[in-house]
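S.K.: Below: sequence and its predicted model.
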Amino acid sequence: MASSSTIQRSGRADWALMNAIHDALRRDLEELLHTTASQTVGRARWTVFRDQLRFHLAAENAAMWPLVRAKLTGDPTGQALLEAMEDEHQLIGPLQAVTDDAFTMNADPGRLHHLLTRLRTRLISHLAHEEAEALPLIAQIMSPDELGGIARAIRGRYAARTLPWALAHASPHVRAEVLDQLSTPARLIYRTVGLPSYTRHIPPP
């Protein structure tokens, strides 16, 4: 079995895009909590965050967790970790839904701040748990081809929107690490289609 330090290093490389997406989710929540923009701009920024979070959790549920569960058959510790991941996903959904309703109904800023704070607490706890325990374990038990398949599913058919959003404020190192894992056509689409479109339509600060 690989040492924990080896698992951690390989996990960071294998999960470059995943970590970039997680960081972007944290970033958007912080911006939503501290924005002084108009309600219209706030709703637009919330919509971007909400859609990215929905797609990300759905992609994990469809492409990652079933494969991991099959790999961990007979491993009670690993199975318990997956149950915890599933429980955390179930807790995030209702908070996202009620916050979405509040934005739709133009709730007062205090109500929105309270709901966003609750969502941030729950989501950040889940992301930290996934990064510290689940992703290193998955990197250990999956083949490179399987990890590549998960990465493609996480990008999904919305890659032209997800990649520019996830990399918008990433460091040059992280941006290069993620783009280096793409095919040449995918990098070209990112630079010529996805990034210009994102830049034109991203809600202002």
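M.R.: Yes, it's here.
S.K.: Every contact and neighbour count from this point should use C-alpha atoms.
M.R.: Will do.
S.K.: Helices along the chain, start to end?
M.R.: 4-14, 16-34, 39-59, 65-71, 76-104, 109-129, 135-141, 144-155, 159-167, 172-180, 184-189, 195-201 (DSSP state H).
S.K.: which of the residues in the shortest one are buried?
M.R.: With burial defined by 16 or more other Cα atoms under 10 Å, the residues of helix 184-189 counted as buried are R187.
S.K.: Of the helices of the chain, which shows the lowest average pLDDT?
M.R.: Ranked by mean pLDDT, the helices of the chain end with helix 4-14 at the bottom, a mean of 41.
S.K.: Packed most tightly, which of the helices of the chain would that be?
M.R.: With neighbours taken as mean count of other Cα atoms under 10 Å, the helices of the chain reach their highest mean count in helix 159-167, at a mean of 22.
S.K.: Now do it: distance to the chain's middle.
M.R.: Helix 159-167 sits 11 Å away from the centroid of its parent chain (Cα atoms, centre = their mean, to the nearest Å).
S.K.: what packs against that helix?
M.R.: Packed against helix 159-167 by the contact rule (3 or more Cα pairs under 8 Å, 6 or more residues apart in numbering; DSSP states H and E) you find helix 16-34, helix 195-201.
S.K.: Out of the ones you listed, flag the one nearest L119.
M.R.: Among these, the nearest to L119 by Cα to Cα is helix 16-34 (8.5 Å).
S.K.: could you dump the closest one to CSV, C-alpha only?
M.R.: Output of helix 16-34 as CSV, limited to C-alpha atoms (Å, rounded to 0.1, in the frame of the first residue of the first chain):
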residue,chain,number,x,y,z
ALA,A,16,-6.4,19.0,-10.5
LEU,A,17,-9.8,19.9,-12.1
MET,A,18,-11.8,18.6,-9.1
ASN,A,19,-9.8,20.8,-6.8
ALA,A,20,-10.1,23.8,-9.1
ILE,A,21,-13.9,23.3,-9.1
HIS,A,22,-14.0,23.0,-5.4
ASP,A,23,-12.0,26.2,-5.0
ALA,A,24,-14.4,28.0,-7.4
LEU,A,25,-17.4,26.8,-5.4
ARG,A,26,-15.8,28.2,-2.2
ARG,A,27,-14.9,31.4,-4.1
ASP,A,28,-18.4,32.0,-5.4
LEU,A,29,-20.0,31.5,-2.0
GLU,A,30,-17.6,34.0,-0.4
GLU,A,31,-18.3,36.5,-3.1
LEU,A,32,-22.1,36.0,-2.7
LEU,A,33,-21.8,36.5,1.1
HIS,A,34,-19.8,39.7,0.8
